[in-house]
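Participant: Structural data only, the sequence is not supplied:
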């Protein structure tokens, strides 16, 4: 009998209990062991549940109980989750978590402890909810060198952008609707400003490239400045605007990584990822592009990923099989200002031709974009240029009398 | 040092050698062991390669060499692949294969031997080429009950259908082009008639439902009767025609499984899977719909899946971790005639209204479909009805003077 402890009984935690008790038979069959939830740690009371007797309020009960072999941390937040997880690993327990903030900030440190203790630290649920992505990245693509990862990693912003694209809803209205539907928090900053997506692309990049990529080194731009006009220009270009987290490794092992809104071609598999869904593209040297798609959040999808990790911990007791990466002293991330990409810009002007001529002068070759309903302005897409050059050129456009109304990066997948 | 043998040096086999030698360092790092290819079994000679000294012509050399721990079977075909794989497993060697015919026909038998010998039998490359699907199905979705699987599993037919849909190319021309491009064999029967897709959906269903599903029990219909008119009606309906392999389990554990062309809604993630790409939708009770997308065939994608399996065999030496299912005496598959689904039909008629009235009488409620350029005929979509009822009603339409020109199933995802 494998005893398990749950830390946290919020949305994900209660989902874990639900999935466990509902599919227990097949879960135990797959794990090859009988299993039971021994404790659920939560400061609140939950009377009237079939498992109300399992609730405890003191973490020490879990860490000091040698019968507890696997702990599922689904509390969220960095503290005290970090301290609790660290102590559980040090006590020789395997830990699984859905906590992307924890993994993105402390992954290398916790993985090192797990490896030294020969236990596991798994976090499939931390990225993409119920979409299997961590394990395929780590295992199935083991024979590939992974060149690049790009994904729609945040369901809330994708829902907002979908409403803007399909229904012409303004950003603020779409955000309000997302809040009403429970997709966005009261304080939506972490979603809307790309912070959540940043944590997730950091985790994926750390697995793919073997070094801890810290969120604070990643240039991150949210969607709060995206307008319906930008959406129209994207359509005129033949695509849609998505919030994309992406990471790429160059020949010298340096990582280009960024979170920002971006024009994505209508032909791309990422373009058709709508509403609260997530889609993650992995480009391997042998497989080519592989895309994983599904619900990136939600109680049951996330809970099922947590339970799958618990099964893996039970099944592989005594064998370290987590993904692994190291903390590096020197920064593995290339300064985003030294990277290159194409841009879409939208500028106010009286005469489009003159504005486009100025744009050519400052940005090099540009492709004009016109939206018939928008007058007194023009849009264009640049070639691949340096981030710093683009910033300087945009400022120069302004100085030349062409105020920049919108500026979004343009991807080639 | 782990010694490996390759059986077969065709497209996939030469790809395996290429991927192995190219990424050897990171492969060995991931496996945690040094590795070498000791033998390559092929009846042909391959002079001038960096590894030409490794070729042998006698299988006995491999099976009798105790140093060889892992064998990759990439010969294809049922015989002698089956006998070779069986003897390797019985000799205590782990085997990986890309051979869907072998797994679909003999999976349960080979898995039983592998389990008894505590070695592995892995076949990630047998479905979806480089797309990780076998392992996610088996492991990552372990906490789910899988209700349904549906996929575009054959790249050749998807290429042909894409040409028909996008370029209005007739079936025969598209097939010819596929042959010229090397996507289709000289004898395209296995692809075009759905046989290849059938093997793949059988493998996925066997993993998901735990019982061997044999191809000969699966109703299989190819795309050779699909016309450009059908493509137009699908467009009028709001979707596209795809060759779909699908499997579903009912409450009694009986499996509904079929390969056939089908109308797929334009909103579906499967609708945007074009050209030689594959897409596989897995519907779990907790995750909801998860879709895996990528190149379903090709030398390097398939080879990388084989190499990933080899790594897994090396890493987990002594631990059985293959998917597992049992051979069942009684047939797990529901007779397709006893299953229900919606249909699109296209009938010749002088007066569309009269034909539709007859259709209502025979099929129950129907939704008319009209393609302005097609005169002297009408299309319609039925509700969910029994397969047998649909067959009888179609015959009755003919008897009533409305020849059936096309009939394709309609899916709701």
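Facilitator: Thanks, I have it. Every value quoted in this text rests on a predicted model; they were computed, and no experiment measured them.

Participant: use CA for all of it now, contacts and neighbours both
Facilitator: Fine.

Participant: and the stretch 101-250 of chain A, which residues reach chain B?
Facilitator: Within reach of chain B by Cα under 8 Å from any Cα of the partner chain, the stretch 101-250 of chain A has these residues: A:130, A:131, A:132, A:135, A:136, A:139, A:140, A:141, A:142, A:143, A:144, A:145.

Participant: Look up how far residue A:268 lies from the last one.
Facilitator: With distances defined as Cα to Cα, to the nearest Å, the gap from residue A:145 to residue A:268 amounts to 22 Å.

Participant: Compare the two (neighbour count), which wins?
Facilitator: residue A:145 (20 against 16; other Cα atoms under 10 Å in any protein chain shown).

Participant: quick one: contacts for the more buried one?
Facilitator: A:284, A:285, A:286, B:23 (Cα atoms under 8 Å, 6 or more residues apart in numbering or on different chains).

Participant: Counting neighbours, which of those residues comes out on top?
Facilitator: residue A:286 (24 neighbours).

Participant: now, among the contacts of residue A:145, which is nearest to residue A:48?
Facilitator: Checking the contacts of residue A:145 against residue A:48 with Cα to Cα, the nearest one is residue A:284 at 50.0 Å.

Participant: Who's the closest spatial neighbour of the closest one, skipping the chain neighbours?
Facilitator: Nearest non-adjacent residue to residue A:284, counting by Cα to Cα, 6 or more residues apart in numbering or on different chains: residue A:146, 4.3 Å away.

Participant: try residue A:127
Facilitator: Closest residue to residue A:127 apart from its sequence neighbours, by Cα to Cα, 6+ apart: residue A:200 at 5.6 Å.

Participant: Am I right that the one you found sits in a helix?
Facilitator: Yes - checked against DSSP: H, G, I helix; E, B strand; the rest coil, residue A:200 lies within a helix.

Participant: hang on, the earlier thing: just name the closest of the contacts of residue A:145 to residue A:28, please.
Facilitator: residue A:284 (34.5 Å).

Participant: Mind listing the residues bridging to the closest one?
Facilitator: residue A:146, residue A:288 (DSSP bridges).

Participant: Settle this for me: it is touching residue A:147, isn't it.
Facilitator: Yes - assessed by Cα atoms under 8 Å, residue A:284 is found in contact with residue A:147 at 5.6 Å.

Participant: Contacts only, for the residue nearest to the spatial centre of chain A.
Facilitator: Nearest to the mean C-alpha position of chain A, by Cα atoms, centre = their mean, lies residue A:200 at 3.1 Å. By Cα under 8 Å, 6+ apart, the residues touching residue A:200 are A:100, A:104, A:126, A:127, A:153.

Participant: Can you tell me which of those has the most neighbours?
Facilitator: Most surrounded of these: other Cα under 10 Å gives residue A:153, at 31 neighbours.

Participant: and it, how far is that from residue A:172?
Facilitator: Counting by Cα to Cα, the gap from residue A:153 to residue A:172 is 21 Å.

Participant: next one: residue A:113
Facilitator: For residue A:113, the distance to residue A:172 - Cα to Cα - is 44 Å.

Participant: Repeat that for residue A:187.
Facilitator: Remark: distance between residue A:187 and residue A:172 (Cα to Cα) = 13 Å.

Participant: okay, the two: which has more neighbours?
Facilitator: Using other Cα under 10 Å, the more surrounded residue of residue A:187 and residue A:172 is residue A:172, with 13 against 9.

Participant: Please state the backbone phi and psi of the more buried one?
Facilitator: The phi and psi values for residue A:172, taken as degrees, to the nearest 10, are phi -70, psi -40.

Participant: ditto for residue A:367
Facilitator: Main-chain dihedrals, residue A:367, degrees, to the nearest 10: phi -110, psi 120.

Participant: Residue A:360 is in contact with that one, correct?
Facilitator: No - checked against Cα under 8 Å, the pair residue A:367 and residue A:360 is beyond contact range at 9.3 Å.

Participant: Next, the distance between the ends of stretch A:208-218.
Facilitator: Stretch A:208-218: ends 16 Å apart by Cα to Cα.

Participant: List the buried residues in it.
Facilitator: Across stretch A:208-218, burial judged by 16 or more other Cα atoms under 10 Å in any protein chain shown covers A:208, A:209, A:210, A:211, A:212, A:213, A:214, A:215, A:217, A:218.

Participant: Of those, just say which sits nearest to residue B:15.
Facilitator: Using Cα to Cα, those come closest to residue B:15 at residue A:208, 22.3 Å.

Participant: Let me see the ranges of the strands in the stretch 201-350 of chain A.
Facilitator: In the stretch 201-350 of chain A, the strands defined using DSSP state E, counting those that start in this stretch lie at A:219-220, A:239-249, A:255-265, A:277-284, A:288-295, A:340-348.

Participant: What is the fourth one packed up against?
Facilitator: Contacts of strand A:277-284 with other secondary structure elements, assessed using 3 or more Cα pairs under 8 Å, 6 or more residues apart in numbering or on different chains; DSSP states H and E, are made with strand A:146-152, helix A:155-167, strand A:288-295.

Participant: one more time with 7 Å
Facilitator: strand A:146-152, strand A:288-295 (3 or more Cα pairs under 7 Å, 6 or more residues apart in numbering or on different chains; DSSP states H and E).

Participant: where in chain A is pLDDT low?
Facilitator: Within chain A, the segments meeting pLDDT under 70 span A:140-141, A:329.

Participant: For the closest residue to chain B within the stretch 151-300 of chain A, grab the count of nearby residues.
Facilitator: Of all residues in the stretch 151-300 of chain A, residue A:287 sits closest to chain B, at 3.9 Å by Cα to the nearest Cα. Neighbour count of residue A:287, defined by other Cα under 10 Å: 29.

Participant: Is it in contact with residue B:299, as I believe?
Facilitator: No - assessed by Cα atoms under 7 Å, residue A:287 is found out of contact with residue B:299, at 9.2 Å.

Participant: Which neighbours do those two have in common?
Facilitator: Contact with both residue A:287 and residue B:299 is made by no residue, according to Cα atoms under 7 Å, 6 or more residues apart in numbering or on different chains.

Participant: quick one, what contacts residue A:110?
Facilitator: By Cα under 7 Å, 6+ apart, the contact set of residue A:110 is residue A:86.

Participant: gap between it and chain B?
Facilitator: Residue A:110 is 19 Å from chain B, where distance means Cα to the nearest Cα, to the nearest Å.

Participant: any idea which helix or strand carries the residue nearest to residue A:68 when sequence neighbours are not counted?
Facilitator: Distance criterion Cα to Cα, 6+ apart; nearest residue to residue A:68, sequence neighbours excluded, is residue A:3 at 4.8 Å. Residue A:3 belongs to strand A:2-7 when assigned by DSSP states H and E.

Participant: Great, nothing more from me.
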